[in-house]
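In: quick check, what structure comes out for this input:
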Amino acid sequence: MPKFLTALFLVLHGLARTQPGSSMLLTDYVRSVTEYLCSPQLHGRGYVQKGDSLAADFISREFSSIGLKPLKGSYFQEFKHPVNTFPGTMTAVSDGDTLIPGRDFMVDPACPSVRLILRFKVLTPAEVLNRPILQKTIGDLVSGGKFNAFLLDKRTASADTLKLLNGLAETLAAFSHTVVWTNEKFTWSVASEQLNYPLIYVQGTVPLQKELMLDVQSQLQKNYSSNNVVGFLPSSRFSRKTLVLSAHYDHLGRMGRDTYFPGANDNASGTATMLAVAKELVRKKRKYNYVFIAFAGEEAGLVGSNYFTSHPLIKLKKIRFLLNLDIMGSGEEGITVVNATKHPKEFDLLQKINGEKNYLSQIKSRGPAANSDHYWFSEKGVPAFFIYTMGPNKNYHDIYDTYEHLSFAETGDLVNLVLDFLEGM
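Out: As a prediction, this is how the structure comes out:
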């Protein structure tokens, strides 16, 4: 971090510690942490150049500075998992034009390495959806000839047709190199395995001729080491019950040397919000114990939270409630609460507090969903909410989810709402 940014961060850090509950100072702190977590030097908090480990180290230092204690002698809970990574070359050239990764083209997260000139056999959606034609086309291409790749042209497909095509690109990639030409918004993710053949997505605005030169380096790491970061804050008086506040800090990382996914809203903002709540709770009298968990491996399939619930550092039956924060960078349109229908008493409390304090424009109820780290706790019988904000920023799992695109419009109110809810349990 540049020296002037470090100085600014420490000043804001200190100010926020001296004035509890100040919405402006809480927002400043959340902003500064979010900006750092999604900066290029953390590489998208993924699996190239150990971006997730750099983020975990930062969070553990914040836990210590705030006054949270480690559990079991360490802030870290290590686990290993397979992950496909893209640490090197990421080049695609069409008709002499070099395409920009993340904007013009994207590799499938499970893409293996490839260095080849692809020559296309063009397939329309109708041909792909016609099983006899598809089987013959696959047979012809696999048997050899002038083509060595499929080009699935989805540019003019209707919404209903696009739904029918779901998963068929991966099927084609089981037999040969596959390129999907599409007008759909790019969203990336993390894979734990590799496809048989490369699968590439190219934006419909890119002119594709008969060939595409590809040079992509991928590496499947079968035992990648990640860490959940866990901090403990005891009750002011002895208590057998614990409240848990969680947020995942990992994101998608790098797609090649030059392209990274910042993950500002998802979920640098949620991690920063969790830290802001911890800073405030340290100053208060607490009737419960608090555990704060920054999960790794969420984008790889809720891996970190699954590991924690299978290897809990505290007894799960002692958790009174878990509040998971994910996508917390806006709030102009309120928040949505997953599991609200499952826990009506707690949802009513949240609504009551918001009605009295007029924090947010609305709090929407949603049923159970396996869409963030609360899920595995719910499956083990731990009462839990997952809260996310709603607002104008729609960037998600793309290169545009940057700090500059976040409004932080309701950050101070969100932190205070969470504090009031936890204290009212």
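In: can you give me the strands in the stretch 1-150 of the chain?
Out: In the stretch 1-150 of the chain, strands defined by DSSP state E, counting those that start in this stretch lie at 69-70, 76-85, 90-94, 97-98, 105-107, 114-123, 149-153, listed in chain order.
In: ok, which of the ones you listed comes nearest residue 354?
Out: When the strands of the stretch 1-150 of the chain are compared by C-beta to C-beta, strand 69-70 sits nearest residue 354, at 31.5 Å. The way it works is simple: take the backbone N, C-alpha and C, and place the C-beta from them, glycine included.
In: neighbouring strands - and their directions - for that closest one?
Out: Partners of strand 69-70 in the sheet, by DSSP bridges, are strand 219-233 (antiparallel).
In: quick check: the residue sitting furthest away from the middle of the chain vs residue 325, distance?
Out: The outermost residue of the chain relative to its centre, with distances by C-alpha atoms, centre = their mean, is residue 145 at 42.1 Å. Note on residue 145: its distance to residue 325, by C-beta to C-beta, to the nearest Å, is 54 Å.
In: before we move on, what about residue 215?
Out: Taken as C-beta to C-beta, the span from residue 215 to residue 325 is 40 Å.
In: which one's more surrounded, those two?
Out: Ranked by neighbour count (other C-beta atoms under 10 Å), residue 215 and residue 325 place residue 325 first, with 29 against 16.
In: my guess is the more buried one contacts residue 248. True?
Out: No. Applying C-beta atoms under 8 Å as the test, residue 325 and residue 248 come out as separate, 9.2 Å apart.
In: and stretch 92-111, end to end?
Out: 14 Å (C-alpha to C-alpha, to the nearest Å).
In: going forward can the numbers begin at 629, since that is how I track them
Out: Noted, 629 is the first residue going forward, which turns the last one into stretch 720-739.
In: what does it contact?
Out: Residues outside stretch 720-739 that contact it (C-beta atoms under 8 Å, 6 or more residues apart in numbering): 712, 714, 718-719, 797-798, 801, 814, 816-819, 821-823, 826-831, 833-837, 839-844, 846, 883-884, 886-887, 889, 1026-1027.
In: buried set for it?
Out: 720, 722, 727, 729-730, 732-739 (16 or more other C-beta atoms under 10 Å).
In: any idea how far apart the tips of stretch 768-783 sit?
Out: End-to-end span of stretch 768-783 (C-alpha to C-alpha): 24 Å.
In: I misspoke; the intended subject was stretch 1011-1031.
Out: Terminal residues of stretch 1011-1031 are spaced 32 Å apart (C-alpha to C-alpha).
In: now that stretch, how far from the centre of its chain.
Out: 9 Å (C-alpha atoms, centre = their mean, to the nearest Å).
In: restricted to helices, list the contacts of stretch 720-739.
Out: Counted as lying in helices by DSSP state H, out of the contacts of stretch 720-739, are 797, 798.
In: now for this structure, the helix or strand with the poorest mean pLDDT.
Out: The least trusted helix or strand in the chain, going by mean pLDDT, DSSP states H and E, turns out to be helix 631-646, with a mean of 44.
In: picking that back up, in CSV: the buried residues of stretch 720-739, plus distance to residue 791.
Out: Shown next, in CSV, are the buried residues of stretch 720-739 (distance: C-beta to C-beta, whole Å):
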residue, distance to residue 791
720, 27
722, 28
727, 27
729, 27
730, 25
732, 25
733, 23
734, 20
735, 23
736, 19
737, 21
738, 21
739, 23
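In: which of those sits closest to residue 978?
Out: The closest of those to residue 978 turns out to be residue 737 (C-beta to C-beta; 35.2 Å).
In: not counting its neighbours along the chain, what's nearest the closest one?
Out: Using C-beta to C-beta, 6 or more residues apart in numbering and skipping residues adjacent in sequence, the residue nearest residue 737 is residue 819, 3.7 Å away.
In: doesn't residue 711 make contact with that neighbour?
Out: Yes. Counting by C-beta under 8 Å, residue 819 does reach residue 711; the two are 7.4 Å apart.
In: of those two, who's got more company?
Out: Set side by side, residue 819 and residue 711 show more neighbours around residue 711, with 27 against 19, by other C-beta under 10 Å.
In: bridged to the more buried one, which residues?
Out: With DSSP bridges as the criterion, the beta-bridge partners of residue 711 are residue 849.
In: how about the helices in this structure?
Out: For the chain, the helices defined by DSSP H occupy 631-646, 651-665, 679-694, 753-757, 759-770, 787-793, 796-800, 897-909, 931-938, 972-985, 1002-1007, 1039-1051.
In: what's the most buried one of those helices?
Out: For the helices of the chain, the largest average neighbour count (mean count of other C-beta atoms under 10 Å) is found in helix 897-909, namely a mean of 27.
In: could you give the separation of that helix from the chain centroid?
Out: Distance, stretch centre to chain centre, for helix 897-909: 17 Å (C-alpha atoms, centre = their mean).
In: likewise for stretch 824-835?
Out: Counting by C-alpha atoms, centre = their mean, stretch 824-835 is centred 23 Å from the centre of its parent chain.
In: repeat for stretch 934-953
Out: Centroid separation for stretch 934-953 versus its chain: 20 Å, with C-alpha atoms, centre = their mean.
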